[in-house]
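> fold the following.
(chains A, B, C and D)
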Number of protein chains: 2
Amino acid sequence: MQLLDNYFKSAFSVDNVIFGFGSGKLQVLLIKRGEEPYNDFWALPGALVHPDEDLDDAPLRILRELASIDNVFLEQVHTFGRVDRHPQGRVITVAYYSLINKDEVSPKAASFANEVAWHNVFEIQSLAFDHLEILNSCVAQLQNSIKIKPIGFELLPESFSLSHLQTLYEAILNTALDKRNFRKKMLSMKLLVDDLLYQEGVPHRPAKLFRFDKDRYETLKKEGFNFQI
Amino acid sequence: MQLLDNYFKSAFSVDNVIFGFGSGKLQVLLIKRGEEPYNDFWALPGALVHPDEDLDDAPLRILRELASIDNVFLEQVHTFGRVDRHPQGRVITVAYYSLINKDEVSPKAASFANEVAWHNVFEIQSLAFDHLEILNSCVAQLQNSIKIKPIGFELLPESFSLSHLQTLYEAILNTALDKRNFRKKMLSMKLLVDDLLYQEGVPHRPAKLFRFDKDRYETLKKEGFNFQI
DNA sequence: CCAAAAGTGTTATTGATACACCCATGG
DNA sequence: CCATGGGTGTATCAATAACACTTTTGG
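Prediction:
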């Protein structure tokens, strides 16, 4: 609260909705608050923006502190600024979401949190402050973005099967997709390269593995190509 | 600058990209700055957010001061917060755009401006601060939004012809559209009601006039209808 | 040989695009 | 009667959606 006092009257913060994919579900990394208000509530990880820090760097700092990762996909979503959104003063907050591969991180509670844990997005009932509204707006934007930009791969290991990718899309869009149509469309865009590997040790026919060709996407994009699922 | 001093070190502002439609072109309302920095440059109308003012109300206040109108379509676009974006201190700014019918306003220079004028969007070469970047992001978002939401009507008089509407779409999207296909699609959505009026005093066949049925749109939207042009 | 998920094509329907002439009015 | 923009329909092509069986592996 000491730090807060310096900023108060008018502070700006960022909140970062960190998405991951696990157990076939879209998940989000939440912290358990260790102080009032909303003590013991789950909340989005957030931080005040430092005076000498670019706005877009603040959510990346959160990721570094919480999950020790850098170089993450990040998208700004919306800025929330109702006068009464924070009970202790005027805080305008900029919401971001980021996509990370859960396998590569083991989140540790940072200075500002008691506990950190992954939660299934579509099972969350309440959060501290207006964080549920913020989460929902980020989910909506993710659902839009994933249909028109090849960003889902950020949530998967480098090498993945088409079924794995499809379950990811289904988890995010919260709907079932047709297997044959999904594969047809995904492969027709020529953004996946055959990894020349197959799944191992599975009790069924092993799936062919692919990886996403980012360079090729950048090239195609310049030529006017539009990703579309 | 006196007001500014109170806020500085960390201030948040809004900038409002006010779009209008005139002479067949997409236009934007700019102010000419009357002080340093960027004295005599054209700039987006902006304002610091008052401590007791909801964020979304700040751009509406700008509209009230500059054009004496209320009840305007408004969309938040993006928040710009690079440390060096403002030469005099740390200012994070939230960009909004709004759509108004030029016929209903006669903008007057407000306290913070020397001069106000409409400019053709696609002819603007430079603006104060990073306002060109902000303008461009708002134009891009308007172009996206107008394809999927029936918002263009805000820029027109209540009663308009299909050709009028088409020139508006062409001006915003900066591209030519096929007349028959445009009309077919627009009418098929059943969002326009025949105004039972025709143009008058034109030296050619007078056009049938329509108006946008907002209630009907809200109803259809609830049933899962998606606007699409 | 059983269970489990991988992999694979065709058809029908829908939506998108391309395109040219006649009409009504004012001057 | 001329100039101007208003108004209209069809045919082709591309994209989407629906749908069921065979294959490969581990146990």
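
> grab the longest helix from chain A for me.
Secondary structure assigned by DSSP state H gives helix A:131-148 as the longest helix of chain A.

> show residues contacting that helix.
By C-beta atoms under 8 Å, 6 or more residues apart in numbering or on different chains, the list of residues contacting helix A:131-148 from outside reads A:15, A:17, A:19, A:26, A:28, A:43-44, A:75, A:77-78, A:80, A:93, A:95-97, A:99, A:121, A:124, A:126-127, A:151-152, A:169, A:172-174, A:226-229. Using the backbone N, CA and C atoms, a C-beta is placed for each residue, glycine as well.

> sort out for me which of those are in strands.
Using DSSP state E, the subset of these located in strands is A:15, A:17, A:19, A:26, A:28, A:43, A:75, A:77-78, A:80, A:93, A:95-97, A:99.

> could you pick out the buried ones from the residues you listed?
Among the ones in strands among the contacts of helix A:131-148, those that count as buried by neighbour count (16 or more other C-beta atoms under 10 Å in any protein chain shown) are A:15, A:17, A:19, A:26, A:28, A:43, A:75, A:77-78, A:80, A:93, A:95-97, A:99.

> tell me the one of the residues you listed nearest chain B?
Out of these, the one with the shortest distance to chain B is residue A:78. That distance is 6.4 Å, counting by C-beta to the nearest C-beta.

> please name the nearest non-neighbouring residue to the spatially most central residue of chain A.
With distances taken as C-alpha atoms, centre = their mean, chain A has residue A:19 as the residue nearest its mean C-alpha position (2.8 Å). Across the structure, with C-beta to C-beta, 6 or more residues apart in numbering or on different chains as the measure, the residue nearest residue A:19 apart from its sequence neighbours is residue A:99 (5.3 Å).

> likewise residue A:43?
Nearest non-adjacent residue to residue A:43, counting by C-beta to C-beta, 6+ apart: residue A:128, 3.8 Å away.

> helix, strand, or coil at residue A:13?
In terms of secondary structure, residue A:13 is strand; the call rests on DSSP: H, G, I helix; E, B strand; the rest coil.

> who's in contact with the nearest residue to residue A:153 once chain neighbours are set aside?
In space, residue A:153 comes closest to residue A:212 once its chain neighbours are excluded; the distance is 4.1 Å by C-beta to C-beta, 6+ apart. The contact partners of residue A:212, by C-beta under 8 Å, 6+ apart, come to A:150, A:153, A:191, A:192, A:193.

> can you do 10 Å?
Under the criterion of C-beta atoms under 10 Å, 6 or more residues apart in numbering or on different chains, the contact partners of residue A:212 comprise A:150-154, A:156, A:158-160, A:165, A:191-193.

> likewise residue A:25?
Contacts here follow C-beta under 10 Å, 6+ apart; on that basis residue A:25 touches A:118, A:119, A:120, A:121, A:122, A:123, A:167, A:168, A:170, A:171, A:172, A:174.

> could you list the low-pLDDT ranges of chain A?
Within chain A, the stretches falling below the threshold (pLDDT under 70) are A:1-9.

> at 80 instead, please
Chain A contains residues with pLDDT under 80 at A:1-10, A:110-113.

> near DNA strand C, which residues of it show up?
Taking C-beta under 7 Å from any atom of the strand as the measure of proximity, chain A contacts DNA strand C at A:161-164, A:179-181, A:183-184, A:203-208.

> which among these end up buried?
Listed as buried from the residues of chain A next to DNA strand C are A:161, A:162, A:164; burial here means 16+ other C-beta under 10 Å.

> name the element the last one belongs to?
I take that to be residue A:164. In this structure, residue A:164 is located in helix A:162-173 according to DSSP states H and E.

> right, is that helix up against DNA strand D?
No: among the residues of helix A:162-173, none lie within reach of DNA strand D under C-beta under 7 Å from any atom of the strand; the closest is 11.8 Å away.

> how far does that helix sit from its chain's centre?
Distance of helix A:162-173 from the chain centroid (C-alpha atoms, centre = their mean, to the nearest Å) equals 15 Å.

> which positions within that helix qualify as buried?
Of the residues in helix A:162-173, those buried under the neighbour-count criterion (16+ other C-beta under 10 Å) are A:162, A:164, A:165, A:166, A:167, A:168, A:169, A:170, A:171, A:172.

> show me which residues of chain A sit near DNA strand D.
A:178, A:179, A:180, A:181, A:185, A:201, A:202, A:203, A:204, A:205, A:206, A:228.
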